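> Just a sequence and a predicted model for now, questions to come.
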There are 2 protein chains.
Amino acid sequence: MLPVVVVHGGAGQIPKERSEASTSGVCSAARAGYAILRGGGSSMDAVVQAVSQMENNPSFNAGCGSVLNVKGEVEMDAIVMDGKTLGSGAVSAVRNIANPVQLARLVMDKTSHACLTAEGANQFAWAMGIPEVPPESLITEYSRMRWKKNLAPDANPVECQMGKMGTVGAVAVDSEGNVACATSTGGMLNKMEGRVGDTACIGSGGYADNQSGAVSPTGHGEAIMKVTLARLILFHMEQGQSVEAACDLGLAYMKSRVGGLGGVVTVDPQGHWAANFSSLQMAWAAAQKDTLHYGLYTGEHFTQSIDTPQ
Amino acid sequence: MLPVVVVHGGAGQIPKERSEASTSGVCSAARAGYAILRGGGSSMDAVVQAVSQMENNPSFNAGCGSVLNVKGEVEMDAIVMDGKTLGSGAVSAVRNIANPVQLARLVMDKTSHACLTAEGANQFAWAMGIPEVPPESLITEYSRMRWKKNLAPDANPVECQMGKMGTVGAVAVDSEGNVACATSTGGMLNKMEGRVGDTACIGSGGYADNQSGAVSPTGHGEAIMKVTLARLILFHMEQGQSVEAACDLGLAYMKSRVGGLGGVVTVDPQGHWAANFSSLQMAWAAAQKDTLHYGLYTGEHFTQSIDTPQ
């Protein structure tokens, strides 16, 4: 059953013209994570690699391609968590960095802290030798167009956000049974400056514990936070629920209790996995036993050999 | 049994010369919160009032009296959560604000977001008409002395932090059975600029749900985050554990799993409450049925009439 990696490219309603790029993006990220696992690499290395690749892909709302805040700027959140130690690292409202997920990992590995925010996070990046990138290098034509469109006084940022690819994330379990998660996002379209969503928040935007599993969520950040979705799903698994059932219970609770839609990717240390969502769509892909699994709409589940030429 | 308010002034090892001020500070904060509840006010109003009073009290590590970061500056985190709606508001790494807990409440009440950080949080404060205070007005002689002392290369910030009063917090249930929590902190002594601890993080630094209860923790922030302590304790209560047992289970787990010490104040919607800690001391006070309860060392539990002249 081991190793496994499962990735998502955000929950929501994905515009038709972007669905192909989303699907190929998550498949490529899952392949990249799986290559690391197959080579004996750790689940942490695999999730950081998979998420970095989606940050670099302008189709997703993370890194290059992030949505813009109300001032037209990119501010990003990211988190990683290691199920062996319960150690985590996060950054919030960080700017001018190509790969926030890698910076989050450095927070975990190189500091005694679990989260650095805003200017402090950027100073840490500088101290670690991470190059600053020009702000405009993270901004796509598409995100600028959507930002302008949603400045209209009657625009609903929650609705707009759900119409755009959300947060990206990955979970993995390596051949030693260690689980890890990583999540990265540009946040919510037209958010206030300094808004921090679920992604930087342990238990909401991700959680990993070798005693239960790892979860990376996506969807309406404030709803995910209200129910601490990642931790909630793992509590269900601790109570004996299957990965699949725990995801559905968590998502159903978020919908009924606070009206929130979203999706999750989840693994357990035995290699059971799920990619479930209550939104209309979620681009997801998983790799296990040399098979690539992927889908976009509810009920969709395609498979192919991991070695099929792309 | 209703209403109830329970407050803490931080877990750790409190220097003898500061223990009296800590005890009188938490008693006064509990009285202030209880006066609101007795007057028919909401649990949210009560916890914000109690925490504001401790922020204004230089004996505590929140608001005026906050510990200093590595650059000798004050950066504060705060959170509130409303158990009726699961709505929450938080600020992280905010500067030059007398009462971060009140700003956190405005984030909940006046924005569609759950957390604002750093400069964005300060801009929001300005937009809400919250006056900026001079940075030095939040810095005490004591915190400057400790900051200098702990710049020594062999200083251990975790140990130092535990030797200082920590985070302040409060939980309450009002006569309508609504629960709420609030937590506020200057964070960890000599922390990196931009470090965000548990306090701004829902589920770690606080959680409130009318279906189970409300928790405000204190202690080593990074350990609290690893186990999402507030949410963990409420999961135990959802599984049928008493308030007291759930707090002990949560704290024991944090100690055994990640070696973390701390304390919590907890209420349930029926008015059961606890103030438990695994650290050497925690200044705490509670008010219920016109009686004030308080203590500082393990096993200490004093009571007096709430109307006893102070």
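Received the coordinates, thanks.
> Let me see the mean pLDDT of stretch A:193-212.
Averaged over stretch A:193-212, pLDDT sits at 97.
> for stretch A:104-119, same thing?
Per-region confidence: stretch A:104-119 scores 98 on mean pLDDT.
> what comes up buried for that stretch?
Neighbour counts over stretch A:104-119 (16 or more other Cβ atoms under 10 Å in any protein chain shown) mark A:104-108, A:111, A:113-119 as buried. To be clear about C-beta, it is placed using only N, CA and C from the backbone, and glycine gets the same treatment.
> Then stretch A:261-271?
Buried, per 16+ other Cβ under 10 Å, within stretch A:261-271: A:261, A:262, A:263, A:264, A:265, A:266, A:267, A:268, A:269, A:271.
> In the stretch 1-150 of chain A, which residue sits closest to chain B?
Residue nearest to chain B within the stretch 1-150 of chain A: residue A:120 (1.5 Å; Cβ to the nearest Cβ).
> For my notes, confirm that residue occurs in a helix.
Yes - membership of residue A:120 in a helix is supported by DSSP: H, G, I helix; E, B strand; the rest coil.
> Dump the helix ranked longest in chain A to CSV, keeping only the CA atoms.
Longest helix in chain A, counting residues (DSSP state H): helix A:16-38. What follows is helix A:16-38, C-alpha atoms only, in CSV (Å, rounded to 0.1, in the frame of the first residue of the first chain):
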residue,chain,number,x,y,z
LYS,A,16,-14.1,25.2,-18.2
GLU,A,17,-11.2,26.8,-20.0
ARG,A,18,-9.0,26.1,-17.0
SER,A,19,-10.1,22.6,-16.2
GLU,A,20,-7.5,20.9,-18.5
ALA,A,21,-4.6,22.8,-17.1
SER,A,22,-5.8,22.1,-13.5
THR,A,23,-6.0,18.4,-14.2
SER,A,24,-2.7,18.2,-15.9
GLY,A,25,-1.2,20.3,-13.1
VAL,A,26,-2.3,18.1,-10.2
CYS,A,27,-1.3,14.9,-12.2
SER,A,28,2.2,16.3,-12.7
ALA,A,29,2.5,17.3,-9.0
ALA,A,30,1.4,13.9,-7.9
ARG,A,31,4.0,12.3,-10.2
ALA,A,32,6.7,14.6,-8.9
GLY,A,33,5.8,13.7,-5.3
TYR,A,34,5.6,10.0,-6.1
ALA,A,35,9.0,10.0,-7.8
ILE,A,36,10.5,11.2,-4.5
LEU,A,37,8.7,8.5,-2.5
ARG,A,38,9.6,5.8,-5.0
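> Let me know the angle separating the following helix or strand past that helix from helix A:16-38.
Counting by DSSP states H and E, the next helix or strand C-terminal to helix A:16-38 is helix A:43-56. Here the directions of helix A:43-56 and helix A:16-38 differ by 150 degrees (axes from the mean of the first three to the mean of the last three Cα atoms, to 10 degrees).
> Could you list every helix and strand in contact with helix A:43-56?
In terms of contacts (3 or more Cβ pairs under 8 Å, 6 or more residues apart in numbering or on different chains; DSSP states H and E), helix A:43-56 is packed against strand A:4-12, helix A:16-38, strand A:76-82, helix A:100-110, strand A:168-173, strand A:179-185.
> just how off-centre is it within its chain?
10 Å (Cα atoms, centre = their mean, to the nearest Å).
> Now look at stretch A:174-185 and say if it contacts chain B.
No - for stretch A:174-185, no contact with chain B is found by Cβ under 8 Å from any Cβ of the partner chain; the gap never falls below 13.5 Å.
> Just the CA trace of that stretch, in PDB.
Extracted C-alpha coordinates of stretch A:174-185, given in PDB (Å, rounded to 0.1, in the frame of the first residue of the first chain):
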ATOM      1  CA  ASP A 174       6.300   7.300   2.800                       C
ATOM      2  CA  SER A 175       7.600   3.700   2.900                       C
ATOM      3  CA  GLU A 176       8.500   4.100   6.600                       C
ATOM      4  CA  GLY A 177       4.900   5.000   7.400                       C
ATOM      5  CA  ASN A 178       5.600   8.700   8.200                       C
ATOM      6  CA  VAL A 179       2.800  11.000   7.100                       C
ATOM      7  CA  ALA A 180       3.100  14.700   6.200                       C
ATOM      8  CA  CYS A 181       1.000  17.500   4.800                       C
ATOM      9  CA  ALA A 182       1.700  20.800   2.900                       C
ATOM     10  CA  THR A 183      -0.800  23.500   1.900                       C
ATOM     11  CA  SER A 184      -0.200  26.800   0.100                       C
ATOM     12  CA  THR A 185      -2.400  29.600  -1.100                       C
END
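> Cool, thanks, talk later.
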